[in-house]
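Q: give me a model of this one.
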Amino acid sequence: MELDELDVLGAKAFEGYIVRKDLALRFKGQYPVPTYVGEFLLGRYCATTNQDEIDEGLDIVQRLMSQRTIRAGEQELFKSRAREDGSSKLIDIITVRLDTASDSYLATLPSLQLTDVRISASLVAENERMLTGGFYAELELEYEALEAQSTKGRPFRVASLRPIQLSTRDVLGELARGRRQFTADQWKRFLLRSIGFEPTALSGRAQDVLLLRMVPFVVRNYNAVELGPRGTGKSHLFQQISPYSHLISGGKASVARMFVNNSTGRRGLVAQYDVICFDEVSGVSFDQKDGVNIMKGYMESGEFSRGKESIRASGGIVFVGNFDVDVEQQQRLGHLFGPLPSDMRNDTAFMDRIHAYLPGWDVPKLHADLFTPHFGLVNDFLSEAWTQLRSENRLPSVLSGIGLGSALSGRDTTAVHKTLDGLLKLLYPDPDMQVPEEDIEWALRLALECRRRVKEQQKRIGSAEFRNTHFSYRLGEGGVEQFVVTPELSSEDTIAADPLPSGQVWAISPGGSGEHSGLFRIEVNVGPGSGVSIVNRPTPPPMRESLHCAEANLLSRARELVGDHDPRRFELTVQVKAFDAARSGSSIGVAALLAFCSSLLSRSLRGGLVIAGGLNLGGTIDPIPNAVDMAEHAVERGASTLLLPISARRQLMDLSDDMATRLTVLFYADARDALLKALAD
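A: Predicted coordinates:
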């Protein structure tokens with residue numbers, strides 16, 4: 001493999017903490033252990049760019065993995081070695097239970113098919129996670145012949161163990177020092193390589209989803225859902241990368257194992273792990289009827305009560321699963337929580353506790369080209385840094401410059417803040433680094449989108465309290481309000497319910513000269529200079545005339561339309577996009593004028609609105625010959641509101657009852673009246 005710029009930078013910034021990710025892939029599937037186990041050893045012996053040292057370290061890792069991991073059918077061989085040599089070293093997952101009959105702890109080593117291995121209370125006290133889901137460790141297993149000869153002898157004993165995880169190094173200090181040498185884009189790509197993916201093979205959208213998957217590892221009590229096609233690696237991060245996460249396969253869980261065992265008082269998975277992931281979410285179930293309610297209460301407050309004691313924990317809960325159909329069909333059939341089990345899928349209270357719904361359909365199916373052969377951070381270093389980042393908070397340094405829209409409830413705001421905090425901690429693990437506004441906006445838009453996706457599904461179920469889903473934000477004092485949509489609910493040629501950015505409007509032309517009515521989107525940008533600059537080349541004469549009349553009316557009526565925003569001090573760049581066979585752009589002057597005003601005022605027009613009407617140089621509104629046809633066209637394109645000249649009112653008496661119930665028609669008398677009715681509240 002030839003080193004690229006990011007490899008060289010990573011090796012310089014994190015000397016001793018990097019590993020070639022293709023080396024870990026060599027062991028994937030070859031040995032019965034997760035990826036992070038192999039990387040733990042690779043990080044010990046191969047954390048260098050020197051090929052000779054890598055080769056020498058690989059030989060050591062290969063030998064350790066072959067000698068200490070147990071393939072199917074080899075369990076008796078390892079037991080025999082322990083008997084003949086007195087002890088045997090191995091790598092296995094270890095879980096422990098308290099045996100009340102003997103008042104002692106017994107360990108289970110599944111690879112050896114042993115369930116009664118003695119272990120000291122001191123080792124259990126130092127590693128309590130053995131009592132819940134267990135973890136992978138390097139073990140020394142002793143065999144005591146005298147104990148084997150007793151009636152109920154248990155000859156095997158865990159003499160020592162070393163968890164496959166990092167716990168002592170100054171990881172956050174090292175991470176902060178190394179991060180300073182990367183740009184934000186370089187760091188995103190290096191993070192993706194660190195979890196095994198090659199960013200050059202992924203779209204920007206897919207990269208964002210993979211970064212969102214990391215958020216539960218760095219934010220306490222973070223709850224998320226990701227559904228999508230099979231084979232996109234949804235559970236990979238929770239199973240292969242970090243020992244601080246626990247994957248519940250098949251979705252089966254007990255209240256005692258998940259929260260607390262009342263008979264022993266032992267804390268459950270949520271108190272032992274940073275993230276608990278339910279794989280195959282459609283099968284999530286508990287052994288007690290109140291299991292889902294206990295989980296809902298915990299997802300809300302981070303507390304649960306069993307018996308007299310109220311217990312706090314910080315483990316987040318993530319649900320991943322598959323769609324049997326694509327996302328568009330899923331929305332036609334119902335809503336995006338449809339694959340969840342019956343006691344969750346229509347429960348809006350449960351949904352309200354989900355901080356982010358990740359669009360798993362935007363990640364491609366895994367194939368060889370998606371896995372990186374380049375350098376990334378060793379998984380035990382990365383996972384240790386993530387778990388320590390959970391105690392930090394990036395919000396105080398950025399919230400003063402952020403304003404969230406009125407559509408967000410208290411829970412929406414909390415969810416958005418958690419996702420924003422997580423993304424910023426991933427991108428800026430050094431609290432002393434200044435976070436640029438563009439990175440704040442990137443993280444904020446993702447956070448709003450993922451929470452809005454939850455709100456949209458609640459709205460589909462029919463509750464009136466969730467009807468307002470137009471999430472928006474402002475950055476900085478006097479910033480322009482920006483609306484955030486969920487891409488799967490909108491398309492380029494459909495009039496969405498969300499307001500467009502300021503300076504953009506939908507327009508319908510009545511057509512003419514052989515053209516039918518046509519849909520257009522007018523986009524205006526404001527910059528230094530003066531006059532109107534038209535991007536469209538060549539510009540059809542009817543379109544040029546409409547834009548010229550709009551400009552003339554803007555200049556002559558500036559005071560009543562835009563107040564102190566003198567249009568002569570700015571250059572207005574306008575582009576008109578056609579979405580039908582009609583291309584001439586005739587009689588779209590009113591829409592163009594409102595687009596000019598919207599851009600100068602930095603205010604969006606209302607969502608779902610389409611505007612009809614032409615005007616002449618003197619400001620008179622042109623009559624519309626085919627108002628019914630235009631109204632039907634508006635409905636077909638998804639509009640909820642049509643703004644028409646008052647002169648077209650009588651024509652709409654011929655509009656069908658079906659169309660009339662699907663469209664709100666607003667009439668205007670002149671340009672100023674049109675602007676006041678079009679502006680978003």
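Q: what about Ala107, neighbour count?
A: Look at Ala107: counted by other CB atoms under 10 Å, it has 25 neighbours. Every residue, glycine included, has its C-beta placed from N, CA and C.
Q: ditto for Asp432
A: Using other CB under 10 Å, Asp432 has 8 other residues around it.
Q: what helix or strand is it on?
A: Counting by DSSP states H and E, no helix or strand carries Asp432.
Q: grab the nearest non-local neighbour of it.
A: Ala176 (7.5 Å; CB to CB, 6 or more residues apart in numbering).
Q: which other helices and strands contact the helix or strand in which the one you found is found?
A: Using DSSP H and E, the element containing Ala176 is helix 171-179. Using 3 or more CB pairs under 8 Å, 6 or more residues apart in numbering; DSSP states H and E, the elements in contact with helix 171-179 are helix 5-13, helix 379-389.
Q: could you list the low-pLDDT ranges of this protein?
A: Filtered on pLDDT under 70, the chain yields the residue ranges 1, 28-29, 132-133, 151, 165-169, 251, 306-308, 332-333, 463-464, 681.
Q: repeat that with 50
A: Along the chain, the parts satisfying pLDDT under 50 run over 167-168.
Q: closest to the centroid, which residue in it?
A: The centroid of the chain falls nearest to Leu212 when counting by CA atoms, centre = their mean (3.7 Å).
Q: hmm, Leu358 and that residue touching each other?
A: Yes - Leu212 is in contact with Leu358 according to CB atoms under 8 Å; the separation is 5.2 Å.
Q: picking that back up, wait, which of the helices and strands packed on helix 171-179 is closest to Thr661?
A: With CB to CB as the measure, helix 379-389 is the member of those nearest Thr661 (52.4 Å).
Q: quote the end-to-end distance of stretch 97-116.
A: In stretch 97-116, first residue to last residue: 9 Å (CA to CA, to the nearest Å).
Q: again, but for stretch 314-334
A: Taking CA to CA, the first and last residues of stretch 314-334 lie 33 Å apart.
Q: ok now it, how far from the chain's centre?
A: 13 Å (CA atoms, centre = their mean, to the nearest Å).
Q: got the phi and psi for the closest residue to Arg394 other than its chain neighbours?
A: Nearest non-adjacent residue to Arg394, counting by CB to CB, 6+ apart: Leu424, 4.1 Å away. Per-residue torsions, Leu424: phi -70, psi -30 (degrees, to the nearest 10).
Q: quick revisit: name the residues of the helix or strand harbouring the residue nearest to the centre of the chain that are buried.
A: Under the criterion of DSSP H and E, Leu212 resides in helix 204-218. Neighbour-count burial for helix 204-218, counted by 16 or more other CB atoms under 10 Å, picks out 206-218.
Q: just the strands in the stretch 51-200 of the chain please.
A: 87-99, 104-109, 114-119, 135-143, 156-163 (DSSP state E, counting those that start in this stretch).
Q: and the nearest residue to Leu652 once chain neighbours are set aside, what is it in contact with?
A: Sequence neighbours aside, Ala627 is the residue nearest to Leu652 in space, at 5.8 Å (criterion: CB to CB, 6+ apart). Ala627 makes contacts with Ala612, Leu644, Ala648, Gln651, Leu652, as judged by CB atoms under 8 Å, 6 or more residues apart in numbering.
Q: wait, isn't the last one in contact with Val665?
A: Yes - with contact defined as CB under 8 Å, Leu652 reaches Val665; the gap is 6.4 Å.
Q: hang on, Ser533 is in a strand, isn't it?
A: Yes - counting by DSSP: H, G, I helix; E, B strand; the rest coil, Ser533 is located in a strand.
Q: other residues contacting stretch 153-168?
A: Identification of contacts with stretch 153-168 by CB under 8 Å, 6+ apart yields 36-37, 40, 79, 82-83, 87, 91, 94, 106-107, 114, 116-120, 123, 127, 135-145, 147-148, 243-244, 380-381, 383-384.
Q: still on that earlier bit, tabulate the strands of the stretch 51-200 of the chain (JSON lines), appending distance to Asn223.
A: Conversion of the strands of the stretch 51-200 of the chain to JSON lines gives the following (distance: least, CB to CB, whole Å):
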{"stretch": "strand 87-99", "distance to Asn223": "26"}
{"stretch": "strand 104-109", "distance to Asn223": "30"}
{"stretch": "strand 114-119", "distance to Asn223": "34"}
{"stretch": "strand 135-143", "distance to Asn223": "23"}
{"stretch": "strand 156-163", "distance to Asn223": "27"}
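Q: overlap in contacts of Leu212 and Leu358?
A: In contact with both Leu212 and Leu358: Ala224, Cys450, using CB under 8 Å, 6+ apart.
Q: of the contacts of stretch 153-168, grab the buried ones for PyMOL.
A: Per 16+ other CB under 10 Å, the buried members of these correspond to this PyMOL selection:
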select buried, resi 36+37+40+79+82+83+87+91+94+106+107+114+116+117+118+119+123+127+135+136+137+138+139+141+142+143+144+243+244+380+381+383+384
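Q: related to what we said a few turns ago, in contact with the residue nearest to Arg394, which residues are there?
A: Contacts for Leu424 were tallied using CB under 8 Å, 6+ apart; they are Arg394, Val398, Val435, Asp439, Ile440, Ala443.
Q: 10 Å instead?
A: With contact set as CB atoms under 10 Å, 6 or more residues apart in numbering, Leu424 has these partners: 218, 393-395, 397-398, 431, 435, 439-440, 442-444, 447.
Q: distance between stretch 179-191 and the chain's centre?
A: Taking the mean of its C-alpha atoms, stretch 179-191 sits 19 Å from the chain's own mean (CA atoms, centre = their mean).
Q: hmm, who's touching it?
A: When contacts are defined by CB under 10 Å, 6+ apart, stretch 179-191 is touched by residues 5-7, 9-10, 12-14, 18, 178, 197-200, 202, 204, 207-208, 210-211, 214, 372, 374-377, 382, 385, 426-430, 432-433, 435-436, 438-439, 442.
Q: nearest to Pro229, out of the helices and strands packed on helix 171-179?
A: Closest to Pro229 of those, according to CB to CB: helix 379-389, at 25.7 Å.
Q: show me what that closest one is packed against.
A: strand 18-20, helix 35-45, helix 171-179, helix 184-194, helix 204-218, strand 245-248, strand 375-377, helix 410-427 (3 or more CB pairs under 10 Å, 6 or more residues apart in numbering; DSSP states H and E).
Q: thanks a lot, see you next time.
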